[in-house]
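Student: Provided below for reference: sequence and predicted model.
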Amino acid sequence: MPDFLLEIGLEEIPARMIQAAQQELATRVESLLREARLLEDNASIRSYSTPRRLAVGVTGVIAQQPDMEEELVGPSWKIAWQQESFSPAAAAFARKVGVSVEQLRKVITPKGEYVGATVLRKGESAQAILMAGLPSCIGGLYWPKNMYWRAGKPERFVRPVRWLVALLDKEVIPFSFAGYTAANLSYGHRILHGPEAITLTDAGAYEERLKSAFVLASPDERRHGIRKALDRVTRTVDGARWREDEELVETVVHLTEWPTVLLGGFETEYLSLPQEVLVTVMRDHQKYFALEDAKGELFPHFLTVLNTEVDAEGQSIIRHGNERVLRSRFKDAQFFWNADQKTPLTARVEMLKHVTFQKDLGSYYWKTEQNLAIAETIGSILQARGKVFDKAALLQAVLLAKTDLTAELVKEFTELQGIVGGLYARAQGLGETVAEAMYSQYMPASMEDAVPTGAEAQILGLVDRIQTIAAMFSIGNLPSGSRDPFALRRAGNAIVRILAESQMPLRLEELIAAAGQAQELVEPFLRERLSFYLRETRQFAYDVIAATLAAGAGDIPDVCARCEALTAVRGSANFMAVAAAYKRIRNILDQAKESGMDWSAAEKSLLREPEEMALSEASSRLAAECGALRQKRAYQQALESIAGIAPEVDAFFTKIMVMTPEMPLRAARLQLIETLLASISGIADFSEIVIA
Amino acid sequence: MSGQLTNPLTFQELLFRLQTFWASRGCVLQQPYDVEVGAGTMAPETFLRVLGPRPYRVGYAQPSRRPADGRYGENPNRLFKHTQFQLILKPPPADIQELYLESLAAIGIDLRRHDLKFEEDNWESPTLGAWGIGWQVMLDGLEITQFTYFQQCGGIDLDPITAEITYGLERIAAFLQDVESIYDIVWMRDPVTGAEVRYGDIRLEEELQFSVYNFEYADVGHLWEHLRLYEAECQALIEGAKTLDGSKDPVQIGRYPLLAAFDLCLKCSHLFNLLDARGAISVTERVGVIARIRALAVGVARAYTNQQTAAGKE
């Protein structure tokens, strides 16, 4: 039961791509072996990656496939067996599969009768199968961005391949890819080990061997080590903790083969800069971790994760170098901050005429004008509904929202747009409400990010995004497939989340109408974003979402409440019975309508059977009850009372034939079930519910 | 200052060392190109040499002008004109990264006492119709080199691929010498007296005066006029090259002045940068002007490739 090892050596892979590639390679190797029946039941697969390598180790590989009998099917029996003997076509089949004509026989399949043969398939060695299969295992890996590097451009890959290792125990599998033939030579850490190759003599000893060459092949081990080292070094600063940042940890895990952590510092004078600026410089530009106290206030220190291990003198050199870079960046930021204050935001509105929003639409000045008009409309709707917010501050925030695009600090740190505007508004005394709205206008920036808390920020966020979507759609810039250069889907998701989570008394169609452009395109787009939100963020089932949306999609908090209620009751037997009946009623009514029936003038008094009387009574009771509960948005209770009439519905359909030949009675029964349908329809369209 | 070389390289020694190192690895050493460029990539030794199949290795220092980056000599980290050491390896050797690390050792960087990372950074120039895949090389948190595998240039898919290594000389010198301001970099040190000439002694006045010209004096009307004239002449040469399409005479084809056409294209690019620095290009014009210059770059690249093929040079 040999072990298998595959390692691909590369020039540095982009950190953001490594994790997915590591997993994909492991999956590909596993399925190659599994499909070839070369995995023991207790086989285990481990995968590894560093910036310079992807690797897979398998224990429990079967060295040789067992021989197998295989049933092969040839031409149809009618063609194969003619005039009491095998035809030339049958003989050709026998030749092709390597048996004599006498070994052919009739096989019966679901598709008919055929000629068949049992052949013995010699098992292949793992060696041969890996040799043939590994090139496409590697070549088929998905990379977000590929390159060519060799003359004649024979392959595209993420970065140039520089070595290959493939070992079955101690034996090399010399397959070729990208100009290299696999051997047993790998490479250690560029500096700590140096450029000489290391020999991997045994597939099983991969991790230990690389460790001896200063490479931790397991990202899990590096992650663990980095976190512990961050903790350890942080303890040298009294009262400090490092600011947790999972994304940054992942980045440095994939930028290092042999990580160590180093503490650096900066002059306390820079702490007067807003911490958003300091953290952006440290985190986004330098990949440093910030240190903070228990209240989240920054210390004048940072942690950097090195891809090396150095002596004390080396530490002091590296610390000094990093501090130098950080200082010059902070100095720049401070310079820009001061320079920007010379032109207040209010004086920058005019400057927006020179900043393009979109070349076929206009400048950010134009966009600001559009935003103001939408904000005016939405503001009035909300005021009329008694929503409490500061409309003057909202309009001021909308007017100034984009002015920070002209600020030097934003040109330098584009990821701080909005935040810088908010900070400047505060520094320039424009009021906390205006500042806060501007500051958080781009929230939520992602699925994980929070919705802003202030009403003005929420409204600004809605207005700005609906304007962008409507304007882009009006000139045909719709997202398609993976192409969404203006991040319109993200904007749509943010609109849905703000409406869903802020309980804003505003309907989706009112927002769309306020923007006033391309409404016929914006409407289905945002509806799709709404289902995406219900599906991905709220984890509602497909059929629950479809059923709920079919009964109205405009009031998003209400949609969410109905989804929740439906999810809660859909498991009960009574509810499922009613849902099934709902479908049945629908069908009966549809057929009756198609056949030209009209029961609008039906006589209710014709109903006489106990089951139909009972249902009629239950239906009116339910109509009143459900109406009241829906009014209170007590959807779950409403659905429970709907489910409660399952016995009456069941009895009715068991005993009563709706389509009785007696026409006036048929009309009365149709009217009865139509009324019932109406009284239970407002929350969701139950016919969308999948009945197990 | 801790642990740096006790006698770090001067600015000119840094350049010598890089030149010597790469010359010993088989590179042609070229002089800086004498038409204004925004980056070493734009010099014909890169832009035109990466086209077509012929192998080439060259290194050169290239003063690179970016008018909008000027700061009147007041900002310690920003320059209107900085110096790149540009290296072109066509095709890239398999040990290119090791060679690059050796070049760092050659300029006095002991990698056993530094932290080096290759971080993803792809490069794209819409004006040149060029892009590539690569890294920024980070040394102790400082970007010291841009490393790019060119995939396309002048709108033409490249084969073979060329590797471009661009060292930022001012940054590296300031790092090696541990000075806070570029202007404090020691440019040369008299070997006899030890007297030093600083970067600021040589370049500060130039930074100031060109910032003043670029931001305040450059005559917008004239710049537009120059741009129009250079563009027209470049375009005419590109058009003229098409008349050679039917020619079988390698001499006649070979003497057609496409190299001159490329100079005219570079002039246009620089004029665009000047107009940009003057704030003279409106929102709507900007995209259009970039497209005009790109059309020239793409036109020259195509014509030049045809010429090389037809003249039997490739």
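Tutor: In hand now; what should we look at? Numbering: from 1, shown residues only, chains lettered A, B, ... in the order given.
Student: From A:Ile8, how far off is the residue in chain B that chain A sits nearest to?
Tutor: Using Cβ to the nearest Cβ, the point where chain B gets nearest to chain A is B:Asp140, with a distance of 3.0 Å. C-beta: built from backbone N, CA, C; applies to glycine. As judged by Cβ to Cβ, to the nearest Å, B:Asp140 and A:Ile8 stand 29 Å apart.
Student: out of these two, which sits in the more crowded spot?
Tutor: With other Cβ atoms under 10 Å in any protein chain shown as the criterion, B:Asp140 and A:Ile8 differ in neighbour count, and A:Ile8 comes out ahead with 28 against 24.
Student: What's the separation between that one and A:Arg162?
Tutor: Using Cβ to Cβ, A:Ile8 is found at 9 Å from A:Arg162.
Student: again with A:Val215
Tutor: Taking Cβ to Cβ as the measure, A:Val215 falls 14 Å from A:Arg162.
Student: quick one, which of those two is more surrounded?
Tutor: For the pair A:Val215 and A:Arg162, the greater number of neighbours falls to A:Val215 (26 against 20), based on other Cβ under 10 Å.
Student: now the stretch 51-200 of chain B, which segments are flagged as low pLDDT?
Tutor: Within the stretch 51-200 of chain B, no stretch falls below the threshold (pLDDT under 70).
Student: Spell out which parts of it neighbour chain A.
Tutor: Counting by Cβ under 8 Å from any Cβ of the partner chain, the residues of the stretch 51-200 of chain B lying close to chain A are B:75-77, B:91-92, B:94, B:97-98, B:101, B:111-120, B:122, B:132-133, B:135, B:139-142, B:149, B:151, B:159-161, B:175, B:178, B:180.
Student: Any of these buried? List them.
Tutor: B:75-77, B:91-92, B:94, B:97, B:101, B:111, B:113-120, B:122, B:132-133, B:135, B:139-142, B:149, B:151, B:160-161, B:175, B:178 (16 or more other Cβ atoms under 10 Å in any protein chain shown).
Student: you'd agree A:Leu216 is up against A:Glu257?
Tutor: Yes: counting by Cβ atoms under 8 Å, a contact exists between A:Leu216 and A:Glu257, whose distance comes to 6.6 Å.
Student: which neighbours do those two share?
Tutor: When contacts are counted by Cβ atoms under 8 Å, 6 or more residues apart in numbering or on different chains, the set common to A:Leu216 and A:Glu257 consists of A:Thr50.
Student: what comes up buried for the lengthiest helix in chain A?
Tutor: In chain A, ranked by residue count with DSSP state H as the criterion, the top helix is helix A:312-341. Burial within helix A:312-341, assessed by neighbour count using 16+ other Cβ under 10 Å, is assigned to A:314-315, A:317-326, A:328-337, A:340.
Student: What residue spans form the domains of chain A?
Tutor: Under the assignment automatic domain parsing, the domains of chain A span A:3-65+A:125-212, A:68-121, A:219-341, A:350-517, A:566-688.
Student: got TSV for these, with mean pLDDT and distance to B:Gln84 too?
Tutor: Putting these into TSV (pLDDT from 0 to 100; distance: least, Cβ to Cβ, whole Å) gives the following:
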stretch	mean pLDDT	distance to B:Gln84
domain A:3-65+A:125-212	96	22
domain A:68-121	89	63
domain A:219-341	96	19
domain A:350-517	93	21
domain A:566-688	88	61
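Student: so what's the most centrally placed residue in chain B closest to, chain neighbours aside?
Tutor: Using Cα atoms, centre = their mean, the residue of chain B that lies closest to the mean C-alpha position is B:Gly40, 1.1 Å off. Of all residues beyond its chain neighbours, the one nearest B:Gly40 is B:Gln86 (3.0 Å), with distances taken as Cβ to Cβ, 6 or more residues apart in numbering or on different chains.
Student: what's the residue closest to the geometric middle of chain A?
Tutor: Note: chain A centre (Cα atoms, centre = their mean) maps to A:Glu536, 7.7 Å.
Student: Run through the residues that contact the residue lying closest to that residue once chain neighbours are set aside.
Tutor: Ranked by Cβ to Cβ, 6+ apart and with sequence neighbours excluded, the top spatial neighbour of A:Glu536 is A:Met447, at 7.3 Å. Applying Cβ under 8 Å, 6+ apart to A:Met447 gives the contacts A:493, A:536-537.
Student: Tell me which of those residues fall in helices.
Tutor: Secondary-structure check on the contacts of A:Met447 using DSSP H: residues within helices are A:Asn493.
Student: which residues touch the residue in chain A that chain B sits nearest to?
Tutor: In chain A, no residue comes nearer to chain B than A:Gly321, which is 3.0 Å away by Cβ to the nearest Cβ. A:Gly321 is in contact with B:114, B:139-142, B:175, counting by Cβ under 8 Å, 6+ apart.
Student: can you redo these as CSV with secondary structure?
Tutor: Conversion of the contacts of A:Gly321 to CSV gives the following (DSSP: H, G, I helix; E, B strand; the rest coil):
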residue, secondary structure
B:His114, coil
B:Leu139, strand
B:Asp140, coil
B:Gly141, coil
B:Leu142, strand
B:Phe175, helix
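Student: How about the secondary structure of B:Leu208?
Tutor: helix.
Student: Nearest spatial neighbour of it, chain-adjacent residues omitted?
Tutor: Leaving aside its sequence neighbours, B:Leu208 is closest to B:Gly73 (4.6 Å, by Cβ to Cβ, 6+ apart).
Student: What count of nearby residues applies to that neighbour?
Tutor: By other Cβ under 10 Å, neighbour count at B:Gly73 equals 21.
Student: Who are the contact partners of it?
Tutor: Here B:Gly73 is in contact with B:183, B:200, B:204-205, B:207-208, B:211 (Cβ under 8 Å, 6+ apart).
Student: I only care about the residues you listed that end up buried; give me the ChimeraX line for that.
Tutor: A single ChimeraX command is used to select the members of the contacts of B:Gly73 judged buried by 16+ other Cβ under 10 Å:
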select /B:183,200,204,207,208,211
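Student: Is it possible to get a markdown table of the contacts of B:Gly73 that adds distance to A:Thr50 and secondary structure?
Tutor: Formatted as a markdown table, the contacts of B:Gly73 follow (distance: Cβ to Cβ, whole Å; DSSP: H, G, I helix; E, B strand; the rest coil):
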| residue | distance to A:Thr50 | secondary structure |
| --- | --- | --- |
| B:Tyr183 | 41 | helix |
| B:Gly200 | 43 | helix |
| B:Leu204 | 45 | helix |
| B:Glu205 | 49 | helix |
| B:Glu207 | 43 | helix |
| B:Leu208 | 48 | helix |
| B:Ser211 | 45 | helix |
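Student: ok, so of the contacts of B:Gly73, who is nearest A:Ala667?
Tutor: Using Cβ to Cβ, B:Ser211 is the member of these that lies nearest A:Ala667, at 90.7 Å.
Student: how much space between that closest one and B:Leu79?
Tutor: From B:Ser211 over to B:Leu79 the distance is 10 Å, taken as Cβ to Cβ.
Student: residues contacting residue 21?
Tutor: Defaulting to chain A. Counted by Cβ under 8 Å, 6+ apart, A:Ala21 has contacts A:13, A:49, A:54, A:141-143, A:158.
Student: actually it's chain B I care about, not the one you picked
Tutor: Counted by Cβ under 8 Å, 6+ apart, B:Phe21 has contacts B:102-103, B:106-107.
Student: mind listing the strands in the stretch 1-150 of chain B by residue range?
Tutor: In order along the chain, the stretch 1-150 of chain B carries the following strands (DSSP state E, counting those that start in this stretch): B:28-29, B:56-65, B:81-90, B:116-120, B:123-125, B:130-139, B:142-153.
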